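K.L.:
quick one: sequence and predicted model below, then my questions.
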Amino acid sequence: MADGDAGGRPGEAAVTSDPPVIRSNVPGSFPWGVMHERHPALIRRVGEATPYGPDRRRALDLLLAEITDGVIRPLEGPVHDRELWRSWDRGHLGRRWDDAPFLWAESYFYRKLLAAVGYFDPGPWRGIDPFEPFKQAELLGKGVDEELRALGGLSSMPVEEQARTLVHRALWGNQADLGFRLSAAGAQAGGQVTGLLADDGDLIWPAVDGPGPARVCLVADNAGGELLPDLALIDHLLHTRAVREVSLHVKPSPYYVSDAVPADVVASVRRLSAAGGAAGEVGERLRAAMSSGRLAVRTHAFSCAPLPYDEMPGDLREEFASATLTIMKGDLNYRRLVGDRAWAPTTPFAETVGYFPGPVVALRTLKSDVVVGLGAETVAALEADGRPWRTSGTHALIQARL
Ligand SMILES: O=P(O)(O)OC[C@@]1(O)O[C@H](CO)[C@@H](O)[C@@H]1O
């Protein structure tokens, strides 16, 4: 199957009734806007944020030209991940960007952006995160101060309320990733519609507190304002709950603008420790947990793959299969979890994640078209309202399959 258009999940019987994958070839659609507005704006911002020399600037210009009216070109030179990308290609190289699945094209765009800025090449720009200036500005910003201060209020709450608060902070931390803020709608976002569109939040704790020592995987999304509450939640799991071990999955290399990489975990733990007070205690406990191995940071190559999780490799499958619970953060992870398809929003969540090898919960604010697991009345009310509820980041959900 070229790109899973008609189902055909690896390792499973073909599901011919699956809806079509989302592409960016409809002018005016959300994915079209990402490819034609958000990505060119991002190339410009990256060029402004770091003093790259003429070679890198030329490479950025070429990438801009390629995504504007060219076809998808292979990576050039002796790159370390050529074979990986060959294995992830589904026949899209050489085709128009807009005709590839949105998920695939977006992911490959970020890989090509890293190529343009020389992120993997020998030389001065190797390992320089092109998004670091944006991430750092956020980590040092006022919003984060507030987030850290709020941790002080937790100790006076009953444990169940602490848990609920921490889950909600981690959930809403996903609201405004930095890529999302590159679009006009995203830049203005910030409102929250407090009632969740789906709320399986109460299912989380019985799953985690069950008999036997728990191991939780948290598949992180953005750095800064999202990773800090994620870390506070992890601290709660390790310190207040009887969770033996947490695996924190972050991206092996910069991705989707603000996605967390290991350096962002280190920066966030430092930020927590430096804040003093309750946040400082969280930071110190996390540092100790990292030293002892109770908190392990993982970077699997598949975390930057342009494919849904139903195509995950065996070692990652085993990692999730052996976890008591996997917490999937954010919009992109949601798209990859349920499949980036034009699902009817009332499709049961459990139906779309049947392949997932262990208990899983998604914490996600809605910033793309994909959504499943909603009640028919909820959908009718959202549609009647007329505002772009699927992509504005104002709505959120917690969905579990245990
Ligand atoms: O995964 P995240 O950070 O929650 O969201 C990533 C995101 O902004 O990127 C895509 C568009 O670029 C959208 O699917 C989604 O809104």
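P.N.:
Noted; the coordinates are in hand. Numbers count the residues shown, from 1 in each chain.
K.L.:
got a list of what L238 touches?
P.N.:
L238 is in contact with 246, 285, 289, 294-295, counting by CB atoms under 8 Å, 6 or more residues apart in numbering. Just so you know, the C-beta spots here come from the backbone N, C-alpha and C atoms, and that holds for glycine as well.
K.L.:
same check, this time on R96
P.N.:
25, 71-72.
K.L.:
phi first, then psi, for the closest residue to L295 other than its chain neighbours.
P.N.:
The spatial neighbour of L295 that comes closest, neighbours along the chain excluded (CB to CB, 6 or more residues apart in numbering), is A289 at 3.8 Å. Dihedral angles of A289 (phi, psi; degrees, to the nearest 10) stand at phi -70, psi -40.
K.L.:
relative to E383, how far out is A289?
P.N.:
45 Å (CB to CB, to the nearest Å).
K.L.:
with V219 instead?
P.N.:
V219 is 30 Å from E383, by CB to CB.
K.L.:
can you show me the strands along the chain?
P.N.:
Taking DSSP state E as the criterion, the chain carries its strands at 198-199, 214-219, 243-249, 295-298, 325-329, 360-365, 396-401.
K.L.:
residues in contact with the second one: which ones?
P.N.:
Contacts with strand 214-219, where a contact means CB under 8 Å, 6+ apart, come from 208, 230, 233-234, 237, 241-249, 303, 319-320, 322-329, 333.
K.L.:
what residues does this structure put near the ligand?
P.N.:
Residues of the chain lying close to the ligand (CB under 6 Å from any ligand atom) are 34, 38, 106, 174, 177, 179-180, 221-222, 256, 330-332, 335, 367-368.
K.L.:
switch the cut-off to 8 Å
P.N.:
Residues of the chain that fall close to the ligand, judged by CB under 8 Å from any ligand atom: 30-31, 34, 38, 102, 106, 174, 177, 179-180, 186, 221-222, 226, 256-259, 329-335, 364-365, 367-368, 370, 391, 393.
K.L.:
when V219 and E383 are compared, which one has more neighbours?
P.N.:
Neighbour tally, V219 and E383, criterion other CB atoms under 10 Å: the higher count belongs to V219, 25 against 11.
K.L.:
need the nearest residue in space to that one, chain neighbours excluded.
P.N.:
With sequence-adjacent residues excluded and distances taken as CB to CB, 6+ apart, V219 is closest to H249, at 4.5 Å.
K.L.:
could you measure from the one you found over to G293?
P.N.:
For H249, the distance to G293 - CB to CB - is 16 Å.
K.L.:
now do W172
P.N.:
For W172, the distance to G293 equals 30 Å [CB to CB].
K.L.:
which of those two has more neighbours?
P.N.:
Applying other CB under 10 Å to W172 and G293 shows that W172 carries more neighbours, namely 18 against 8.
K.L.:
pretty sure that one is touching R364, no?
P.N.:
No - contact criterion CB atoms under 8 Å: W172 and R364 do not qualify, at 10.5 Å.
K.L.:
what's the overlap in contacts for the two?
P.N.:
With CB under 8 Å, 6+ apart, W172 and R364 have common neighbours A396.
K.L.:
now W85: how far from R73?
P.N.:
Distance from W85 to R73, by CB to CB: 12 Å.
K.L.:
and these two? Which one has more around it.
P.N.:
W85 (17 against 13).
K.L.:
torsion angles phi and psi at the closest residue to the more buried one other than its chain neighbours?
P.N.:
Closest residue to W85 apart from its sequence neighbours, by CB to CB, 6+ apart: L75 at 6.4 Å. For L75, the backbone dihedrals (degrees, to the nearest 10) come out as phi -70, psi 140.
K.L.:
count of neighbours near L75?
P.N.:
18.
K.L.:
is it true that it touches A116?
P.N.:
No - counting by CB under 8 Å, A116 is not a contact partner of L75; they are 10.7 Å apart.
K.L.:
can you give me the neighbour number for E48?
P.N.:
10.
K.L.:
and stretch 109-121, how far out from the chain's middle?
P.N.:
19 Å (CA atoms, centre = their mean, to the nearest Å).
K.L.:
give me the contact list for it.
P.N.:
Applying CB under 8 Å, 6+ apart, the contact partners of stretch 109-121 are 35, 39, 42-43, 46, 50, 52, 55-56, 59-60, 62-63, 66-67, 75-77, 79-81, 85, 97, 124-130, 253-256, 304.
K.L.:
dihedrals phi and psi, the residue in the stretch 51-200 of the chain that the ligand sits nearest to?
P.N.:
The nearest approach of the stretch 51-200 of the chain to the ligand comes at D177, 3.4 Å away (CB to the nearest ligand atom). For D177, the backbone dihedrals are phi -70, psi 160 (criterion: degrees, to the nearest 10).
K.L.:
can you check T299 too?
P.N.:
phi -130, psi 90.
K.L.:
hang on, L197 packs against L397?
P.N.:
Yes - counting by CB under 8 Å, L197 does reach L397; the two are 4.6 Å apart.
K.L.:
which residue packs closest to the closest residue to the ligand within the stretch 301-402 of the chain, ignoring adjacent ones?
P.N.:
Of all residues in the stretch 301-402 of the chain, K367 sits closest to the ligand, at 2.7 Å by CB to the nearest ligand atom. Nearest residue to K367, sequence neighbours excluded (CB to CB, 6+ apart): D331, at 4.3 Å.
K.L.:
give me the neighbour count for the one you found.
P.N.:
When neighbours are counted by other CB under 10 Å, D331 comes out with 24.
K.L.:
wait, it touches L366, no?
P.N.:
Yes - here D331 reaches L366: they are 7.1 Å apart, a contact under CB under 8 Å.
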